[in-house]
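Colleague: structure, please.
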Amino acid sequence: MDKDELKENIEESTTGDTELNTQSTENGDEDKKNEVENLEAEKSGENLEAETKDKENISSEEELETLKDKLARTFAEMENQRRRFEKEKEDAYEYGGYSFAKEALNLLDNLERSKAALENDEKLKETDALKKIIEHLDIINNDMLSIFKKNNIEPVKSINEKLDPNLHQAMMEIEDDTKEPGTIIQEIQKGFMMKDRLLRPSLVGVSKKKASEEQKKGQNDEKN
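Modeller: Numbering: from 1, shown residues only. Model (predicted):
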């Protein structure tokens, strides 16, 4: 082999090594780049997974709190319903005959009206027949009051009592200086209570001070 051929072989070998080294360097850089990208992707994936877990934990806690609130509300509603049921049961036991008792008061009213009508009858006044009838009516009236009392139904106190709007209904005012104004001096219709409930109010007349002559004169002048 001559000198020229040897020189060419050396140059070719050198060029090949240079190209190989360059390629190896490029491959190494690319591998490093890929490795960095892979690391970043792994970190990103780990962060995403952590965020997802956090969200899942928060969501689970919120859902648990919501379920606790719903459960508490349900128990509260059940307790309220139980109390209402107990109250309704007690009322049904205590006041089951309220409507019947209220209607039965009409019987007492009719007895009172019948007695008053007979006593005002001119033909029957002072007769033995009237006295016997009145006695029988009184017996019936007292029996009914006794039955009412056994069932916790009693008359409202009225005569000589102060007017109570919760128990009495004033139908008229009557001049009377011997009583304090607002005192009940006439009972038109008896009122009744069933335990602590009002069956019906008493219809009453209450007292008021007598008007002076000057007041009466002034009232007459206004009318005229």
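Colleague: residues near the closest residue to residue 121 other than its chain neighbours, how many?
Modeller: In space, and not counting its chain neighbours, residue 121 is closest to residue 130: 7.6 Å by Cβ to Cβ, 6 or more residues apart in numbering. Heads up, the C-betas are built off the backbone N, CA and C, glycines and all. Residues lying near residue 130 (other Cβ atoms under 10 Å) number 15.
Colleague: what does the one helix or strand residue 130 maps to rub up against?
Modeller: Here residue 130 sits within helix 128-150, counting by DSSP states H and E. For helix 128-150, contacts defined as Cβ atoms under 8 Å, 6 or more residues apart in numbering pick out 101, 104, 107-108, 111-112, 114-115, 118-119, 121, 124, 154-155, 192.
Colleague: now do 7 Å
Modeller: With Cβ atoms under 7 Å, 6 or more residues apart in numbering as the test, helix 128-150 has contacts from 107, 108, 111, 114, 115, 118, 124, 154.
Colleague: what's the local residue count around the residue nearest to residue 199 when sequence neighbours are not counted?
Modeller: Spatially, and ignoring its direct neighbours in sequence, residue 199 is nearest to residue 192 (4.2 Å; Cβ to Cβ, 6+ apart). By the criterion of other Cβ under 10 Å, residue 192 has 21 neighbours.
Colleague: among the contacts of helix 128-150, which two are most distant?
Modeller: Greatest spatial distance in the contacts of helix 128-150: 124 and 154, 32.0 Å, computed using Cβ to Cβ.
Colleague: need the contact partners of stretch 159-177.
Modeller: 156, 158, 182-188, 191, 198, 201-210.
Colleague: output that stretch in CSV with nothing but the alpha carbons.
Modeller: Extracted C-alpha coordinates of stretch 159-177, given in CSV (Å, rounded to 0.1, in the frame of the first residue of the first chain):
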residue,chain,number,x,y,z
ILE,A,159,-123.1,36.3,89.0
ASN,A,160,-121.2,38.9,91.1
GLU,A,161,-118.0,38.0,89.2
LYS,A,162,-116.0,40.6,87.2
LEU,A,163,-116.5,40.3,83.5
ASP,A,164,-113.8,38.0,82.0
PRO,A,165,-113.7,38.2,78.1
ASN,A,166,-112.3,34.6,78.1
LEU,A,167,-115.4,33.3,79.9
HIS,A,168,-118.2,35.8,79.6
GLN,A,169,-119.9,37.7,76.7
ALA,A,170,-121.5,41.0,77.8
MET,A,171,-124.9,41.4,76.1
MET,A,172,-126.1,44.5,77.9
GLU,A,173,-125.2,47.1,80.6
ILE,A,174,-127.4,47.7,83.5
GLU,A,175,-127.3,50.8,85.8
ASP,A,176,-126.4,49.8,89.3
ASP,A,177,-124.6,52.0,91.8
